[in-house]
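In: Mind looking at a prediction? Sequence and model below.
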Amino acid sequence: MTRVDGPWLSDVEAQEVCALLTDAGHEAWFVGGCVRNALLGAPVTDLDISTDARPERVMALAKAAGMRAVPTGIDHGTVTLIHCGQPFEITTFRRDVETDGRHAVVAFAETLEEDARRRDFTMNALYADATGAVRDPVAGLGDLAQRRFRFIGDAEARIREDYLRILRFFRFFAWYGTELDAEGLAACAAHGDGLATLSAERVTAEMVKLLSAPDPAPAVGALEQAGLLSRVLLGASAKLLGPSIHLDPVAEIDAMARLAALGGDATGLRLSKAEARCLATYRDMMEGTEPAGALGHAFGSETALRGLALRAAALERSLEPGDLRAAETGAAAEFPVKAADLPADLEGPAIGQALTELKTAWIASDFTATKAELLARL
């Protein structure tokens with residue numbers, strides 16, 4: 001029997017939550033990402049537990065044990081238990097009764113097998129008990145071994161249940177896959193119209209997660225070849241994504257820089273104000289001509305270098321050898337002139353204009369001009 005191992009299995013709180021259910025005669029199975037990632041050796045962030053206990057029963061058991069229970073999705077069978085400050089999402093076995101591509105009406109199921117059949121991908125329908133013993137009701141272990149994301153059952157039926165699964169197919173492939181399932185890819189391409197029925201918030205969240213993968217270029221390329229990229233980002237192209245990622249010298253991933261590489265009209269996405277500003281900054285740097293030092297001083301070295309990598313990719317060249325040094329120099333440099341240093345006869349808008357002119361000259365000097373040299377220009 002396949003077994004899974006990981007720090008979360010020896011976590012006292014996780015074991016106590018499982019025991020809360022099993023001691024009362026119910027099943028308790030870790031499911032989904034925590035099992036998949038542990039088997040892949042990837043980090044585990046969330047612990048989801050499936051059970052045959054109904055939500056009201058879960059809440060009653062938690063109350064009796066002194067645990068806090070929050071009905072976060074009780075209509076769909078989900079209760080979040082807070083134990084020693086750690087959240088555990090407990091969901092009753094369920095099956096879909098009716099779907100419209102965005103929402104599902106669910107009914108509680110009696111068995112783990114029924115619960116597995118309503119999930120999206122075989123790799124996401126792996127279960128493990130509190131000892132780490134794995135249950136594989138839909139043959140997900142073989143797909144996991146080959147890093148192949150495959151829909152459970154009929155791919156088109158799974159997509160019609162929730163069209164967001166189209167984007168999830170490519171997102172999971174970007175994070176964990178090496179092989180795109182041909183049937184799944186064809187089904188995604190055939191049902192691309194369904195993406196228009198999804199909320200902008202859901203589409204945006206999936207695209208940001210996809211672009212946050214270590215190397216999303218192959219997945220985004222497949223998304224484009226399937227005719228789907230332009231459906232979520234009109235006019236976008238995957239051409240510059242791979243080169244810009246290759247040229248980016250910053251270790252930390254920035255999804256907005258990768259979104260900038262795709263181009264296209266991002267107004268249909270629901271970005272936060274900070275994300276929208278970041279995207280606009282990268283696009284301006286990508287199309288501009290400002291030197292590395294100026295960009296480093298204005299935006300910091302990491303943002304500047306990402307912008308320069310985007311520009312280099314667009315121009316089909318490498319980063320200039322001195323860009324890293326110049327961006328870091330600019331980021332660390334402190335403009336030596338303040339408003340109080342200016343002549344007393346300057347007033348109002350003239351002060352701002354003078355400071356702007358002097359800063360331009362200071363940047364042009366590679367940040368070497370002194371206060372006295374700059375003020376002498378006045």
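Out: Received the coordinates, thanks.
In: what sits against the closest residue to residue 92 other than its chain neighbours?
Out: Among residues not flanking residue 92 along the chain, residue 77 sits closest, at 3.7 Å (C-beta to C-beta, 6 or more residues apart in numbering). (Glycine included, C-beta is placed from N, CA and C.) Shown in contact with residue 77 (C-beta atoms under 8 Å, 6 or more residues apart in numbering): 54, 55, 91, 92, 93, 94, 106, 108.
In: tell me the centre residue of the chain?
Out: Geometric centre of the chain, nearest residue: residue 209, 2.1 Å, by C-alpha atoms, centre = their mean.
In: Serialize the contacts of residue 77 to a markdown table and add fields for secondary structure, distance to residue 35 and neighbour count.
Out: Output for those, formatted as a markdown table (DSSP: H, G, I helix; E, B strand; the rest coil; distance: C-beta to C-beta, whole Å; neighbours: other C-beta atoms under 10 Å):
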| residue | secondary structure | distance to residue 35 | neighbour count |
| --- | --- | --- | --- |
| 54 | coil | 23 | 16 |
| 55 | helix | 22 | 21 |
| 91 | strand | 14 | 22 |
| 92 | strand | 18 | 23 |
| 93 | coil | 16 | 22 |
| 94 | strand | 18 | 18 |
| 106 | strand | 21 | 18 |
| 108 | strand | 22 | 16 |
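In: Widest-spaced pair of those?
Out: Within those, 54 and 106 form the most distant pair, 12.7 Å apart (C-beta to C-beta).
In: now the stretch 251-378 of the chain, which segments are flagged as low pLDDT?
Out: Regions of the stretch 251-378 of the chain meeting the criterion pLDDT under 70 are absent.
In: what about residue 311, distance to residue 229?
Out: Applying C-beta to C-beta, to the nearest Å, the value for residue 311 to residue 229 is 22 Å.
In: Residue 374 now?
Out: Distance from residue 374 to residue 229, by C-beta to C-beta: 49 Å.
In: after the strand or helix carrying residue 70 comes which helix or strand?
Out: Element membership of residue 70, judged by DSSP states H and E, is strand 68-73. Using DSSP H and E, the helix or strand that directly follows strand 68-73 along the chain is strand 78-83.
In: Does anything pack onto that next one? Which helices or strands?
Out: helix 12-22, helix 55-65, strand 68-73, strand 86-92 (3 or more C-beta pairs under 8 Å, 6 or more residues apart in numbering; DSSP states H and E).
In: weakest of the ones you listed by average pLDDT?
Out: Lowest mean pLDDT within these: strand 68-73, at a mean of 90.
In: what angle do that strand and strand 86-92 make?
Out: Per axes from the mean of the first three to the mean of the last three C-alpha atoms, to 10 degrees, the angle that strand 68-73 makes with strand 86-92 is 50 degrees.
In: Pull out the buried positions in strand 68-73.
Out: residue 69 (16 or more other C-beta atoms under 10 Å).
In: can you check stretch 248-264 too?
Out: 248, 254, 255, 256, 257, 258, 259, 260, 261, 262, 263, 264.
In: Figure out how far it is from the centre of its chain.
Out: 12 Å (C-alpha atoms, centre = their mean, to the nearest Å).
In: what sits up against that stretch?
Out: For stretch 248-264, contacts defined as C-beta under 8 Å, 6+ apart pick out 207-208, 211-212, 214, 216, 220, 229-230, 233-238, 240-241, 244-245, 266, 275, 278-279, 282-283, 286, 302, 305-307, 309-310, 313, 319, 324.
In: Mind checking which of the residues you listed are buried?
Out: Applying 16+ other C-beta under 10 Å to those flags 207-208, 211, 216, 220, 229, 233, 236, 238, 240-241, 244-245, 266, 275, 278-279, 282-283, 286, 302, 305-307, 309-310, 313, 319, 324 as buried.
In: Tell me which of the residues you listed fall in helices.
Out: In helices, defined here by DSSP state H, the members of the buried ones among the contacts of stretch 248-264 are 207-208, 211, 220, 229, 241, 244-245, 275, 278-279, 282-283, 286, 302, 305-307, 309-310, 313, 324.
In: what about the strands in this protein?
Out: Secondary structure of the chain (DSSP state E): strands at 29-31, 48-51, 68-73, 78-83, 86-92, 94-99, 104-108, 127-128, 134-135, 148-149, 179-180.
In: Packing partners of the fifth one?
Out: In other words, strand 86-92. Using 3+ C-beta pairs under 8 Å, 6+ apart, strand 86-92 sits against helix 12-22, strand 48-51, helix 55-65, strand 78-83.
In: how about 6 Å then?
Out: strand 48-51, strand 78-83 (3 or more C-beta pairs under 6 Å, 6 or more residues apart in numbering; DSSP states H and E).
In: May I see the buried residues of it?
Out: So, applying 16+ other C-beta under 10 Å, buried residues of strand 86-92: 88, 89, 90, 91, 92.
In: Next, count neighbours for residue 346.
Out: 15 (other C-beta atoms under 10 Å).
In: how near is residue 51 to residue 74?
Out: Distance from residue 51 to residue 74, by C-beta to C-beta: 14 Å.
In: out of these two, which sits in the busier spot?
Out: residue 51 (26 against 17).
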